[in-house]
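*Asks:* have a look at this fold, sequence not included:
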């Protein structure tokens, strides 16, 4: 008698969220089973890859990451267009790192002008992430939301201490929000409750449960993401049924195994290949945990992940 694998049934579904405007808008979510369990349910949309673009040239990147963008690092618009046209990004994630009060502390008005220029130049969806400073992000993302009205961008990170300001801006100007919580299922769910009770429609919320890199907390992050997905599908828990975003590029390339040069550790092998694989393996683990949007850095790592996704999907 032929072996027949047991089939689980799910009574929940991940919400679909549409990002961007125009012909190249992208919908994520919609799963009715665990990631790539195509024998148990549907996965109507493959995970999307957003390429990082910074509003100021990064000073701490290893050479392997600088090389693909060396001609555009000083110009966020050209950088975004290169990711879109040459590296075939699904989305752009503009990281407004220069607004950090402990760094360059650029103004909210300047950040809004930069973001508007990028949004007007590209034809794919735009994600805008602040610096991680709770107070400054509230100011910056409010200005960004106003400047990009009609673009349906994804604003983040929305945190418990600034959700009223950023979620209100997202509602007022027709955008989506990335609700960020510190690696905890209950805290992620609670923030979703707060944001939606404020009035932001659940179909405009993406969950950012915090991302760790391979070897640097990935196992714990995987577990939290998996529990969110199980609660959404098996318990039909409405406040865990949002798609998941993973801001992984910056985390993967922080790892010493990714950024250490070949000369410093010759026994570790070629630094560029090592770093690319570190990012790609982090990303693959995250899509298996349930991530719907991957924010990535190196184009070769992104290409490896695309090939893996297509293989898993059976393309």
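*Replies:* Structure's in. What do you need? Keep in mind it's a predicted model, so treat the numbers as computed, not measured.

*Asks:* C-alpha only now, for contacts and for neighbours.
*Replies:* OK.

*Asks:* which parts of the stretch 51-200 of the chain are helices?
*Replies:* Here the stretch 51-200 of the chain has its helices, by DSSP state H, counting those that start in this stretch, at 63-66, 76-85, 108-121, 134-147, 163-173, 185-198.

*Asks:* give me every residue that touches the closest residue to residue 262 other than its chain neighbours.
*Replies:* Leaving aside its chain neighbours, residue 262 sits nearest to residue 271 (5.0 Å; criterion: Cα to Cα, 6 or more residues apart in numbering). Residues in contact with residue 271 (Cα atoms under 8 Å, 6 or more residues apart in numbering) are 64, 258-262.

*Asks:* what do you get for residue 98?
*Replies:* By Cα under 8 Å, 6+ apart, the contact set of residue 98 is 55-56, 104-106, 131.

*Asks:* please report which of these has the highest neighbour count.
*Replies:* residue 55 (23 neighbours; other Cα atoms under 10 Å).

*Asks:* about what we covered before: from the contacts of residue 271, list the buried ones, please.
*Replies:* 64, 258-261 (16 or more other Cα atoms under 10 Å).

*Asks:* which ones among these lie within helices?
*Replies:* Among these, the ones falling in helices (DSSP state H) are 64, 258-259.

*Asks:* would you mind giving these as TSV with distance to residue 306 and pLDDT added?
*Replies:* Below are these laid out as TSV (distance: Cα to Cα, whole Å; pLDDT from 0 to 100):
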residue	distance to residue 306	pLDDT
64	20	97
258	20	97
259	23	95
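
*Asks:* which one of those residues sits closest to residue 290?
*Replies:* residue 258 (23.8 Å; Cα to Cα).

*Asks:* relative to residue 4, which of the helices of the stretch 51-200 of the chain is closest?
*Replies:* helix 185-198 (33.6 Å).

*Asks:* which residues does the closest one contact?
*Replies:* 159-160, 163-164, 167-168, 179-182, 202, 205, 207, 209, 224-225, 227-228, 239-240.

*Asks:* would you mark the buried spots in the longest helix along the chain?
*Replies:* For the chain, the longest helix by residue count, based on DSSP H, is helix 271-289. For helix 271-289, the neighbour count (16+ other Cα under 10 Å) marks 271-272, 274-289 as buried.

*Asks:* between the ones in helices among the buried ones among the contacts of residue 271, which is closest to residue 252?
*Replies:* Minimum distance to residue 252 across these is 7.0 Å, recorded for residue 258 (Cα to Cα).

*Asks:* contacting residues for the nearest residue to the closest one once chain neighbours are set aside?
*Replies:* Once flanking residues are discounted, residue 258 sits nearest to residue 275: 3.9 Å by Cα to Cα, 6+ apart. Contacts for residue 275 (Cα under 8 Å, 6+ apart) come out as 64, 252-253, 257-259.

*Asks:* what's the top strand by length along the chain packed up against?
*Replies:* Across the chain, the longest stretch assigned as strand under DSSP state E is strand 48-54. For strand 48-54, the packing partners by 3 or more Cα pairs under 8 Å, 6 or more residues apart in numbering; DSSP states H and E come out as helix 76-85, strand 91-95, strand 293-296.
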